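1. Take this sequence and fold it.
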Amino acid sequence: MNYIEALNVIKEKQRLGSVPGLSRVSALLTKMGNPQNSLKIIHIAGTNGKGTVAHSVADALRKQGYRVGLFTSPWVIDFREQIQINGKFISESDFSDLVFTYGDSDTTEFEFITAAAYKYFADNSVDFAVIECGMGGEGDATNAIKSSRISVITSVSMDHTDYLGDSLEKIARQKAGIIKENGVCILYPNPKTKAVFEQRCRDMSARLVKVSETGDYLKNDVAVANAVLKELGICAKADKPDIPARQETVNGFMLDGAHNVDGAIALSKNLPQEKISAVIGMMKDKDIDGYLSVIAPKCAKIIAVSPNIPRAQNCEALAEIAKKYCSDVIAVKEPLKGIVLLKKEKCFRLVCGSFYLAREVRKELLK
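-> Presented below is the predicted three-dimensional model:
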């Protein structure tokens, strides 16, 4: 099986969408010999900041000479970027071999990729496996593990309410599900949901390490990463990582995939006071009005687009919401056409609202 054939197998699994629960991924991991049980796992859940913390921890450990597996999602540059060892994507041949051997399993795309990551990391004897949850915690495929070296909870806010619950407390309970018995939990400053994690740690006889508020989202994330390193007993300092589509500067454009209100607030703090033109595309299951209420008032012009995915919000509907907060809004269905228009703007240029949008247009921005 070659790499293209392997990707086609994965595309077939995409049709199953997201299905919470651990039975399918656990069955596949059992078939693989339960590789997750041999790993020292740093398990990260939360709404925002998971990727930043994961990359910060992995980068710091690698610089100290450790062999580090990193599992994150979603991908932006290359599908294989979700599974890395010491900053190198899993090879096309290694990925294809995993799909050839286990691709007929009854799993969703995310369940399969999660199991593949655990198998790949175990086969390559990593010293640590830094694992980012998908969207939940307790029922997330990454949680098919008996124990973790450290559980990490980043910023918790309203997102994925159809799956995780319609209140912050319910969402926090889902995230808290990764905290293991007699384990250690590093907690981002979450004042509204702190009690949920405190109770979970008491129930699981786990030790809770609370990170102090710094007044800045990114500084909080880095502080969480440094708390992880301290807990591991490793004398190293975490830094802000360079991650695709996380307030990334690409050839004169700012590219950001955050898609909820807290993500919008974090982005807004790093936008200039000068005139801003933006291409914005979002998924219809997000709090679009909440996101746009933060970002759109900062824009002089918005080009609303529809990313090429069934979950995407119609560009005309998105434009109508954006008009509540910005006087110059147009709708262009194709994201790449929106980018062509954005390139003509002689001001600060922003592309935001979805990692799917970032994935679709990043190569065009590099031209």
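
2. In contact with the closest residue to residue 55 other than its chain neighbours, which residues?
-> Distances taken as CB to CB, 6 or more residues apart in numbering place residue 241 nearest to residue 55, at 3.7 Å, with adjacent residues excluded. Using the backbone N, CA and C atoms, a C-beta is placed for each residue, glycine as well. By CB atoms under 8 Å, 6 or more residues apart in numbering, the residues touching residue 241 are 52, 55, 56, 59.

3. quick check, nearest of these to residue 301?
-> The closest of the contacts of residue 241 to residue 301 turns out to be residue 52 (CB to CB; 29.1 Å).

4. Tell me which residues of stretch 337-349 come out buried.
-> Within stretch 337-349, the residues that count as buried by 16 or more other CB atoms under 10 Å are 338, 339, 342, 343, 345, 348, 349.

5. Taking those, tell me the two that lie furthest apart.
-> So for the buried residues of stretch 337-349, where distance means CB to CB, the most widely separated pair is 338 and 348, at 16.1 Å.

6. what about the chain, any weak spots by pLDDT?
-> Scanning the chain for pLDDT under 70 picks out the ranges 158-165.

7. residue ranges of the strands in it, please?
-> 41-45, 68-71, 83-85, 88-89, 128-132, 150-153, 184-187, 207-210, 248-250, 253-256, 276-280, 301-304, 329-331, 348-352 (DSSP state E).

8. What strands line up against the fifth one, and which way round?
-> For strand 128-132, the paired strands and their directions (DSSP bridges) read strand 41-45 (parallel), strand 68-71 (parallel).

9. what residues are up against residue 324?
-> 289, 292, 293, 296.

10. Surely residue 289 and residue 321 touch.
-> Yes. Residue 289 lies in contact with residue 321 (CB atoms under 8 Å); the separation is 5.5 Å.

11. With neighbour numbers in mind, choose between the two.
-> More crowded of residue 289 and residue 321, by other CB atoms under 10 Å: residue 321, with 18 against 13.

12. Quick check, residue 59 in contact with residue 239.
-> Yes. Using CB under 8 Å, residue 59 makes contact with residue 239 at a distance of 7.2 Å.
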